[in-house]
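Asker: Need a 3D model of the sequence below.
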Amino acid sequence: MIAGLQRYRDNLARLASAVAMQAAVQAVAFLCGIVVLRRLEPGQYGLYTLAAAALGAVALLSDGGITTGAMALARSVHGDRRRLGQILRMAMDLRRRFAAVTAALVAPVLAFLLYRHGASTASLVGITAAVMLVAWALLSTGVLEIAPRLAQELGGLQRSQVTANLLRLLATASALALWPTAVMALGATWLAQAWMNRRLAGIALRHADLHGPGSAEDRPAILAIVRRELPGAIYYGLSGQIVVWLASVFSTTTGLAQVGALGRVSMLLNILMAACSLVIVPRFARLPDGSPLLRRRFWEVNAIFAASLGAVLLAVWCFPMPILWILGRHYAGLEAEMMLSLLSSGLGLLYGLAYSLSANRGHIMAPTLNVGLSLGTTIALLLWFDCSTVKGILWYSVSYGMLQYVMWLGYAMLTTLRQDGKPASA
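Answerer: Numbering: from 1, shown residues only. The predicted structure follows:
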């Protein structure tokens, strides 16, 4: 009894420390986003928003489930430096191959949308090139973080994240003071990310041997998960930033800038998700197959996460004006849109959490079922809501997030929480 209480206190202390550090990480990232928002005029910020959405799509599609597959394999070899290194090296090689294909597909689409929103030839070329450079720098990040996350060496990882964000903040403020354009903001991001990769490699080396080629025997196991997850990754790579894509097609550049500005507020919620990714998801992945704690921990995590999101939403609802003031004079009067944006982001984090808890144990919904249900939902909601306005786009996003959360909770109940240890057949 006493030993169990002590373990609970230790786990709570570690979680509190991780949340505090992650709050610092996200606070600096939030400040950086506000610097970009306030320094760029709405026209340039609209282009920056479009570039950020494309960057997110490239990052997601170039992974395609590779990091999830590597985590699922790595959890069984935790502590074996040689085997863990082989898995990470194979995952890195696969990500580079995926990235080359993804960049060739996304770059022309981004260039066309930038042209549609009035970007000059120089801006079009510069923004597209900068997005690809940042995306390439991001390839290493997710894979290298696997080792310290499994080892729960969170202090060094989070200190590096804080330093990288401080570097980005300094570089962004300096660059935009000289030339306030989207290209300069993206360049500052690349500089910080390149530094972060060097730090992550040093941390990962303490737990994994990263020298030499990966093991060919790990490729089929990782690709087996990729085959299940890639169709969903393709779909979510497009739909994950659907608010931006809809605004880029149906709205003006000003509307696109408003969507991006409201997204800055949603960064407040990333503290919770990042803490879960660092502490809770790896610990849940390490629980033995068939453990009686699986069901209990799953619902505890979801309940605490939902309650925390509710507290943030209530605080913003009570005091909207100070937050809108932070965004700047171009975005005053968007109280209703801000609440919808936060609610949409909160629901997105909830279903992302439900998905991650199952996926990191190797349970991934069959692509036909996942994409079929999600695509059907998307089409129905697009026909229902008026997406020519920012408010209509946000209402679509809220409804979609709610339905996705229900879907992933149901899937977890039928697989991870019911027959853990056996890969889902659907």
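
Asker: When you work out contacts or count neighbours from here on, use the C-alpha atoms and nothing else.
Answerer: Fine.

Asker: ok, the nearest residue to residue 389 once chain neighbours are set aside - contacts?
Answerer: Leaving aside its sequence neighbours, residue 389 sits nearest to residue 251 (Cα to Cα, 6 or more residues apart in numbering; 6.8 Å). For residue 251, the contacting residues are 388, 389, 390, by Cα atoms under 8 Å, 6 or more residues apart in numbering.

Asker: Restrict those to the buried ones and give me that as a ChimeraX selection.
Answerer: To isolate the buried subset of those in ChimeraX, counting by 16 or more other Cα atoms under 10 Å, use the following:
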select :390
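
Asker: export the contacts of residue 251 to TSV and tack on secondary structure, distance to residue 184 and pLDDT?
Answerer: Converted to TSV, those look like this (DSSP: H, G, I helix; E, B strand; the rest coil; distance: Cα to Cα, whole Å; pLDDT from 0 to 100):
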residue	secondary structure	distance to residue 184	pLDDT
388	coil	30	75
389	coil	30	79
390	helix	27	80
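
Asker: Let me know the closest of the contacts of residue 251 to residue 134.
Answerer: Lowest distance from residue 134 to the contacts of residue 251 (Cα to Cα) belongs to residue 390, with 28.2 Å.

Asker: Specify which member of the contacts of residue 251 is nearest to residue 290.
Answerer: Nearest to residue 290 among these is residue 390, at 46.0 Å by Cα to Cα.

Asker: Around the residue nearest to that closest one when sequence neighbours are not counted, how many other residues sit close by?
Answerer: Distance criterion Cα to Cα, 6+ apart; nearest residue to residue 390, sequence neighbours excluded, is residue 255 at 6.5 Å. Neighbour count for residue 255, taken as other Cα atoms under 10 Å: 20.

Asker: need the contact list for residue 255.
Answerer: Residue 255 touches 46, 247, 389, 390, counting by Cα under 8 Å, 6+ apart.

Asker: between those residues, which is closest to residue 378?
Answerer: Using Cα to Cα, the contacts of residue 255 come closest to residue 378 at residue 247, 15.4 Å.

Asker: Give me the pLDDT value at that closest one.
Answerer: pLDDT recorded at residue 247 is 79.

Asker: can you tell me the helix or strand for it?
Answerer: Using DSSP states H and E, residue 247 sits in helix 242-250.

Asker: still on that earlier bit, any idea how far residue 126 is from the residue nearest to residue 389?
Answerer: 23 Å (Cα to Cα, to the nearest Å).

Asker: same thing with residue 59?
Answerer: Taking Cα to Cα, one finds residue 59 at 19 Å from residue 126.

Asker: which one of those two has more residues nearby?
Answerer: residue 59 (25 against 16).

Asker: excluding its backbone neighbours, what's nearest the more buried one?
Answerer: Closest to residue 59 by Cα to Cα, 6+ apart is residue 135, at 6.0 Å.

Asker: Likewise for residue 49?
Answerer: Closest to residue 49 by Cα to Cα, 6+ apart is residue 260, at 5.3 Å.

Asker: Now do the same contact list for the one you found.
Answerer: Counted by Cα under 8 Å, 6+ apart, residue 260 has contacts 45, 46, 49, 244.

Asker: For residue 326, state which of those is nearest.
Answerer: For the contacts of residue 260, the nearest to residue 326 is residue 45 (15.4 Å; Cα to Cα).

Asker: Which helix or strand lies directly C-terminal to the host helix or strand of the closest one?
Answerer: Take DSSP H and E as the rule and residue 45 turns out to sit in helix 42-63. For helix 42-63, the succeeding helix or strand toward the C-terminus, using DSSP H and E, is helix 66-74.

Asker: got the angle for that following helix vs helix 42-63?
Answerer: Comparing the axes of helix 66-74 and helix 42-63 via axes from the mean of the first three to the mean of the last three Cα atoms, to 10 degrees yields an angle of 40 degrees.

Asker: Just the CA coordinates for helix 66-74, please, in CSV.
Answerer: Backbone C-alpha positions of helix 66-74 (Å, rounded to 0.1, in the frame of the first residue of the first chain) are rendered in CSV as follows:
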residue,chain,number,x,y,z
ILE,A,66,7.5,5.1,-39.7
THR,A,67,8.0,6.7,-36.3
THR,A,68,5.0,4.8,-34.9
GLY,A,69,6.4,1.6,-36.3
ALA,A,70,9.8,2.3,-34.9
MET,A,71,8.4,3.1,-31.5
ALA,A,72,6.3,-0.2,-31.5
LEU,A,73,9.5,-2.2,-32.2
ALA,A,74,11.8,-0.2,-29.9
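
Asker: Can you find the helix or strand of the protein with the lowest average pLDDT?
Answerer: helix 270-275 (a mean of 69; mean pLDDT, DSSP states H and E).

Asker: Contacts for whichever helix or strand comes after it next, please.
Answerer: Downstream of helix 270-275, the next assigned helix or strand under DSSP H and E is helix 281-286. Residues from elsewhere that reach helix 281-286, judged by Cα under 8 Å, 6+ apart: 72, 75, 149, 150, 294, 297, 356, 357, 360, 361.

Asker: Can you show me the CA trace of the host helix or strand of the third one as CSV?
Answerer: In the assignment (DSSP H and E), residue 149 maps to helix 146-150. The C-alpha trace of helix 146-150 is given here as CSV (Å, rounded to 0.1, in the frame of the first residue of the first chain):
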residue,chain,number,x,y,z
ILE,A,146,12.3,7.8,-29.5
ALA,A,147,15.3,6.8,-27.5
PRO,A,148,15.1,9.5,-24.7
ARG,A,149,11.3,9.1,-24.6
LEU,A,150,11.5,5.4,-23.9
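
Asker: Can you name every helix or strand that that helix contacts?
Answerer: With contacts taken as 3 or more Cα pairs under 8 Å, 6 or more residues apart in numbering; DSSP states H and E, helix 146-150 sits against helix 182-204, helix 281-286.

Asker: Try it again at 7 Å.
Answerer: Counting contacts by 3 or more Cα pairs under 7 Å, 6 or more residues apart in numbering; DSSP states H and E, helix 146-150 is packed against helix 182-204.

Asker: circling back to that earlier point, can you lay out the contacts of helix 281-286 as TSV showing pLDDT?
Answerer: Listed next are the contacts of helix 281-286 as TSV, based on pLDDT from 0 to 100:
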residue	pLDDT
72	76
75	74
149	77
150	75
294	77
297	79
356	79
357	79
360	73
361	72
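
Asker: With that, I have no additional questions.
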